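Student: When you get a sec, could you give me coordinates for this:
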Amino acid sequence: MKNLLKFTVLFLLFTVVFTSCNKDEEEAINYNLESDYFTLENATYMKETFPEISSTAPVIENIAGNPSILAGGSNPIQLRSNAEIAHVFVGVKDVAGYLKLPINSEEIFSFLILMNQNITATNFDIKVAVQDTSGNVSEVSYITVSLIQAGTGRLQVSCSWNQLNDVDLHLIEPNQEEIYYGNGMSTSGGDLDVDSNADCSIDNINNENITYGDTAVIQSGEYIVNVDLYANCNIDDTTNYNITAYYEGELITPTFGTNPYNGSFEATDADGGGAGDGETVLKFVIPATLAKSYGSEKTVLKFNYATDKPKRKVLSPQKL
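Tutor: Prediction:
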């Protein structure tokens, strides 16, 4: 009886220690996907192991996304499978956790990755798998991306797109000064620090970015975001583009349009446009109570590509 009691006590002690160790191991896992990398709208963050491939698995036949990303920007992903899909799973290689996004039973679909403004990883692999309507999970596909240095700042407006052509981002400030490729820095300090694929000199970045750094003046009033297809660069397919706008680290609630905003151009929309051109896709207001000039402690990364980037030499005849 004494031996049995001793065995029971030892067994209970071992169970407590084992359970405690498992709990410590679980707590030691750093689920930092959303805080350090990216988010997906309407997705659920799953703090668990990435799903494994099923014995009867759907196949990702094609997947594409931008190889270049900006902090605070976006990355449009296009995917084609051989089966009707119910969910897509998105994560980062060697990073715990993943995002689960519901899909409405489609074989061909797209989704938008919203890059965190605080991202610091310079190169990483986005991992993607799909789950069909029967619950079967595909093999993982990877998209390798590289971080392009760009300003985040207190106010940041970014555009990404999916074709190797020249899309231009325009931002009209409350005082009506327009930031675009022909006026890269406003008197308030708003800076077009990433201008991609200028005059069809293809750099594969497919992103444009306007940022207001620590010493910029954030005017109160209405801001207008225009997007223009400057040149199709012999691309005949539809160009899908995405806009994001952040103020003090938060997505801005717009007065017109949606944020993020998703739109598209046809090749025939190319117009060689300059100031005042493009489609108005987003409007937002910075109230006087929130506008600031100086004193932000947010770190701003300055894009250093401008010295090597070719400038547009010829505008459209209407702008000469």
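
Student: Buried residues, stretch 35-52. List them.
Tutor: Judged by neighbour count (16 or more other CB atoms under 10 Å), stretch 35-52 contains these buried residues: 37-40, 43, 46, 50-51. Every C-beta, even on glycine, is put in place using the N, C-alpha and C of the backbone.

Student: Present those residues as TSV; the columns should include secondary structure and distance to residue 247.
Tutor: What follows is the buried residues of stretch 35-52, written out as TSV (DSSP: H, G, I helix; E, B strand; the rest coil; distance: CB to CB, whole Å):
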residue	secondary structure	distance to residue 247
37	coil	21
38	strand	19
39	strand	17
40	strand	21
43	coil	23
46	strand	30
50	coil	34
51	coil	36
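
Student: Could you chop this protein up by domain?
Tutor: Taking automatic domain parsing as the domain assignment, the record places the domains of the chain at 35-147, 150-301.

Student: List just the one of the ones you listed that sits closest to residue 28.
Tutor: Closest to residue 28 of the domains of the chain is domain 35-147 (CB to CB; 10.1 Å).

Student: just how off-centre is the closest one within its chain?
Tutor: Between the mean C-alpha point of domain 35-147 and the mean C-alpha point of its chain there is a distance of 12 Å (CA atoms, centre = their mean, to the nearest Å).

Student: Distance across it, terminal residue to terminal residue?
Tutor: Across its full length, domain 35-147 reaches 16 Å end to end, with CA to CA, to the nearest Å as the criterion.

Student: any idea of the mean pLDDT for that domain?
Tutor: The average of the pLDDT scores along domain 35-147 is 96.

Student: again with stretch 179-194
Tutor: 97.

Student: any idea how far it is from the chain center?
Tutor: In this view, stretch 179-194 has its centroid 21 Å away from the chain centroid, taken as CA atoms, centre = their mean.

Student: Ends of it, what's the gap?
Tutor: When the termini of stretch 179-194 are compared using CA to CA, they are 12 Å apart.

Student: Show me what counts as buried in that stretch.
Tutor: Judged by neighbour count (16+ other CB under 10 Å), stretch 179-194 contains these buried residues: 179-181, 186, 188-194.

Student: quick check, nearest of these to residue 280?
Tutor: residue 180 (13.3 Å).

Student: Would you tell me which one of the domains of the chain is buried the most?
Tutor: Here the criterion is mean neighbour count by mean count of other CB atoms under 10 Å, and of those the winner is domain 150-301, at a mean of 19.

Student: picking that back up, okay if I get the buried residues of stretch 179-194 as CSV plus secondary structure and distance to residue 155?
Tutor: What follows is the buried residues of stretch 179-194, written out as CSV (three-state DSSP; distance: CB to CB, whole Å):
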residue, secondary structure, distance to residue 155
179, strand, 11
180, strand, 16
181, coil, 19
186, coil, 11
188, coil, 10
189, coil, 10
190, strand, 8
191, strand, 11
192, strand, 13
193, strand, 13
194, strand, 15
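
Student: and which of those residues is nearest residue 83?
Tutor: Using CB to CB, residue 194 comes nearest to residue 83 of the buried residues of stretch 179-194, at 37.6 Å.

Student: Quick check: bridge partners of residue 130?
Tutor: Legend: beta-bridge partners of residue 130 under DSSP bridges are residue 88.

Student: looking at it, it is touching residue 89, isn't it?
Tutor: Yes. With contacts defined as CB atoms under 8 Å, residue 130 counts as touching residue 89 at a distance of 7.3 Å.

Student: shared neighbours, these two?
Tutor: Listed contacts common to residue 130 and residue 89 are residue 137; contacts here mean CB atoms under 8 Å, 6 or more residues apart in numbering.

Student: Determine the set of other helices and strands touching the helix or strand where residue 170 lies.
Tutor: In this structure, residue 170 is located in strand 166-172 according to DSSP states H and E. If contacts are counted by 3 or more CB pairs under 8 Å, 6 or more residues apart in numbering; DSSP states H and E, strand 166-172 sits against strand 155-161, strand 178-179, strand 190-195, strand 207-212, strand 221-231, strand 239-247.

Student: hmm, try it at 7 Å
Tutor: Judged by 3 or more CB pairs under 7 Å, 6 or more residues apart in numbering; DSSP states H and E, the packing partners of strand 166-172 are strand 155-161, strand 178-179, strand 207-212, strand 221-231.

Student: between those strands, which one is nearest to residue 291?
Tutor: It is, among the helices and strands packed on strand 166-172 and with distance given as CB to CB, strand 221-231, at 8.2 Å.

Student: which other helices and strands contact the closest one?
Tutor: Contact partners of strand 221-231 among helices and strands, from 3+ CB pairs under 7 Å, 6+ apart: strand 166-172, strand 239-247, strand 279-286.

Student: how far does the last one sit from the chain's center?
Tutor: Taking CA atoms, centre = their mean, one finds the center of strand 279-286 at 19 Å from the center of the full chain.

Student: helices and strands around it, which ones?
Tutor: Other elements packing on strand 279-286 under the criterion 3+ CB pairs under 7 Å, 6+ apart are strand 221-231, strand 239-247, strand 261-265.

Student: Now do the first one: everything it contacts.
Tutor: By CB atoms under 7 Å, 6 or more residues apart in numbering, the residues outside strand 221-231 that reach it are 157, 159, 165-174, 199-200, 239, 241, 243, 245, 263, 265, 269-273, 277-286.
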